[in-house]
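1. I'll drop the sequence and a predicted model, then ask my questions.
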Amino acid sequence: MSDAASGPGTDRKAAERLCGERLLSAFLAAGAERVEPDILLPADTLLDLYGEDIRTRAFVTAGPDGGEAMLRPDFTVPVVQRHMATRADPARYAYAGEIFRRQMDADRPPEYVQTGFEIFGGDAADADAEVFALIHELLRALRPRIATGDTGILTAAIAGLDTSDRRKAALTRHIWRPKRFRALLDRFAGKSPPPPGRAALLKMADPMARTGPEIGLRSRAEVEARIAALRADAEEPPLSRNLVALIDAILDLSATSRDALERLRDLAVDLPAIAPSVDGVARRLDAMAARGIDVDTLPFEGSHGRSTMEYYDGFVFTFQLPQRPDLPPLATGGRYDALTRRLGGGASMQAVGGVIRPAVMLEGGAGC
Amino acid sequence: MLKLGVPSKGRLMEKTFQWFGDRNIEMNKAEDREYAGDVAGVDGVTLVLLSAGEIPRELAAGRIHLGVTGSDLVREKLAGWSGRVEELAKMGFGHADLVIAVPQFWVDVDTLDDLDAAAAAFRARHGHRLRIATKYHRLMRDYLRENGVADYQLVDSQGATEGTVRNETAEAIADITSTGDTLRANHLKMLSDGPVHASQATLFRSLSAEWDAAAKARLADLSERLGLTL
């Protein structure tokens, strides 16, 4: 209440901005160009990318052209859009400014500063290591709890499954929705039965007989195409328990990075499709070690980033204040090549980046 | 004084009065003033007559201690509703189910699973997400996220929602239905997973209203009269 009387957190905001600018100068010193994306962004791109869920997290308002606009919910999308228009290779950008998020928890501020650093192009392992090491150095005094992972391993494992492209596409699409991913995996493995009514539908000689009129944009041909797909799927043999066990072994992996790498190399013997991604992990660990990161103790989790970090499709990392699980992360980041493809109109680039939240940093009691 | 918000008109008001009346608490709309009422049979309770649609907001703001409204309205209008109000009693009337409906000729779509798969194929083919017309945005988003459905978008429809598919402004709808007749007449069918939410009139307690000793005592008294266990 006293906070509201003196204007909501005026001093806190000044300290947060100052800290954001200080962090920014470190990124600029690493050769980044400062960018200042608009605060009011057209909503279309963000809605198309993230889907309806973004409405629960972002502030949507009426735009100047009568369409919908959104208060900047992150910097990544406008920075990628800007970059894909120029396509300099390599390029590096940094920014510091407010982002706006609806919070379910009323104690969390809906606007806060993010300072970020993004590298486009260059050697992937080295760029991953550089972004991580820069953020690691800036946060070192806080002794943060670090989590890392690599979504690319799971993607490669799915691509290497001995099953139809349709099943692979369905699994890949739901990598970021663990519950549905599990349901699909169980169904494809024959562990759970097909939904009721499915068998009866597929037995019918003419499933479209005696049904309602064709209304709406989804055509009869599309319904027939899906029935054909369901028939083909019913004919397919179940995924081997072995393959499912390998996927589970990746998802359950939790070890130090060196041990995780050994484990992944073992898994790659049975699942050769992940070998290139595992080599990528090895190269990244070497690059990180060369930048002074202690990779012998650095944690690695096979599932890290799966539920909250859609569009990160390789290296992912999170820094958290120790003993403060109540606070959001100090920093998050990762590789998002797929996002550049989605926003690049067919063109794509390698891209990796990370953001720090000064407000959380200031909670750590070790300054900024 | 304990402020109790109840719907100000129609069957919802009548049924609410009847529900309390069955429990020996008489409610009456004041003759001379349109949106005021009296309570007899229990002390220290003020009746506040409000539109059912405004009761969730008044509860969340703590301007009323208790309120009667549809459970669907609370879930739709209040972000994080369970942290702001508490359900004291389901009242057994005002039943309405929020359901997802698709064209009957979509014989391949029977469950949410199917809807998700159809949405993926639809988006790949048409270049935009599968549109679901509704006025229950929050309920739908929460439900579809919980169930891992992707590649859809909600389009706002405040009325004549069943007609949006035929008019090609949506591919599917989500609306309140009591019988399903309107759906059938518009060549639509419900998904078989059950309703998104089975709504009924519910007595809610505001968690942000001022609960001083007097208000707590009134609530304890009222709860005993209503046979509620707090």
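-> Great, that's in hand. Residues are numbered from 1 along each chain as shown, chains lettered A, B, ... in the order given.
2. Nearest residue to the most centrally placed residue in chain B in space, please, no chain neighbours.
-> Nearest to the geometric centre of chain B sits B:D72, at 1.5 Å (CA atoms, centre = their mean). Distances taken as CB to CB, 6 or more residues apart in numbering or on different chains put B:S199 closest to B:D72, at 3.6 Å, once the chain neighbours are dropped. C-beta: built from backbone N, CA, C; applies to glycine.
3. count of neighbours near the one you found?
-> 23 (other CB atoms under 10 Å in any protein chain shown).
4. repeat for A:D48
-> A:D48: 16 neighbours (other CB under 10 Å).
5. what comes up buried for the helix or strand in which it is found?
-> If you go by DSSP states H and E, A:D48 is part of helix A:43-50. For helix A:43-50, a neighbour-count test (16 or more other CB atoms under 10 Å in any protein chain shown) marks A:A43, A:T45, A:L46, A:L47, A:D48, A:Y50 as buried.
6. before we move on, what about stretch A:10-22?
-> A:K13, A:A15, A:E16, A:C19, A:G20, A:R22.
7. dump the residue contacts of residue 174.
-> Assuming you mean chain A. A:R180, A:F181, A:L184, B:G148, B:A150 (CB atoms under 8 Å, 6 or more residues apart in numbering or on different chains).
8. Can you look at chain B instead?
-> Contacts of B:A174 (CB under 8 Å, 6+ apart): B:L98, B:V99, B:I100, B:A101, B:I132, B:A133, B:T134, B:Y136, B:M140, B:V196.
9. how close does the fourth one sit to B:E162?
-> Using CB to CB, to the nearest Å, we find B:A101 at a distance of 8 Å from B:E162.
10. who touches both of those two?
-> B:I173, B:D175, B:L183, B:L188.
11. biggest separation within those residues, which pair?
-> Using CB to CB, these span at most 9.4 Å, a distance reached by B:D175 and B:L188.
12. So which bits of the stretch 51-200 of chain A are right by chain B?
-> Neighbours of chain B within the stretch 51-200 of chain A, by CB under 8 Å from any CB of the partner chain: A:51-53, A:55-56, A:102, A:104, A:170, A:173-174, A:177, A:179-180, A:183, A:195-198.
13. from those residues, which would you call buried?
-> Those of these that meet the buried threshold are A:G51, A:E52, A:R55, A:R102, A:A170, A:R173, A:H174, A:R177, A:R180, A:A183, A:P195, A:R198, by 16+ other CB under 10 Å.
14. my guess is the second one contacts B:Y143, does it?
-> So that's A:E52. No. In this structure, A:E52 is not within contact of B:Y143 by CB atoms under 8 Å, at 11.0 Å.
15. Okay, and the residue nearest to the centre of chain B sits in which element?
-> Here B:D72 is assigned to helix B:71-77, by DSSP H and E.
16. Repeat that for A:D233.
-> Assessed by DSSP H and E, A:D233 sits inside helix A:220-235.
17. List of residues touching that helix?
-> A:164, A:166-167, A:194, A:198-199, A:201-202, A:207-208, A:214, B:105-108, B:117-118, B:121-122, B:125.
18. Narrow those to just the buried residues.
-> A:167, A:198, A:201-202, A:207, A:214, B:105-108, B:117-118, B:121-122.
19. In helices only, show me these.
-> A:R167, A:R198, A:L201, A:L202, B:A117, B:A118, B:A121, B:F122 (DSSP state H).
20. will you turn those residues into TSV that also has distance to A:R143?
-> Formatted as TSV, these follow (distance: CB to CB, whole Å):
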residue	distance to A:R143
A:R167	44
A:R198	53
A:L201	58
A:L202	58
B:A117	46
B:A118	49
B:A121	49
B:F122	49
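21. In CSV: the residues you listed, plus pLDDT.
-> Shown next, in CSV, are those (pLDDT from 0 to 100):
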residue, pLDDT
A:R167, 96
A:R198, 88
A:L201, 90
A:L202, 90
B:A117, 95
B:A118, 97
B:A121, 96
B:F122, 97
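22. can you tell me which of the residues you listed lies nearest to B:D43?
-> B:A118 (57.8 Å).
23. dump the residue contacts of residue 199.
-> Picking chain A for this. Contacts of A:A199 by CB under 8 Å, 6+ apart are A:A234.
24. my bad, chain B
-> B:S199 makes contact with B:G70, B:S71, B:D72, B:L73, B:G94, B:H95, B:A96, B:D97, B:L98, B:I176, according to CB under 8 Å, 6+ apart.
25. phi, psi of it?
-> Torsion angles at B:S199 (phi, psi; degrees, to the nearest 10) stand at phi -90, psi 150.
26. Using the record's assignment, carve chain B into domains.
-> Domain assignment for chain B, taken from automatic domain parsing, gives B:2-95+B:200-226, B:96-198.
27. Now for the nearest residue to A:G51 once chain neighbours are set aside, how many residues are close by?
-> Nearest non-adjacent residue to A:G51, counting by CB to CB, 6+ apart: B:A150, 6.3 Å away. Number of residues near B:A150 (other CB under 10 Å) recorded here: 21.
28. repeat for A:A338
-> Residues near A:A338, counting by other CB under 10 Å: 18.
29. Which secondary structure element is home to it?
-> helix A:337-343.
30. With that, I have no additional questions.
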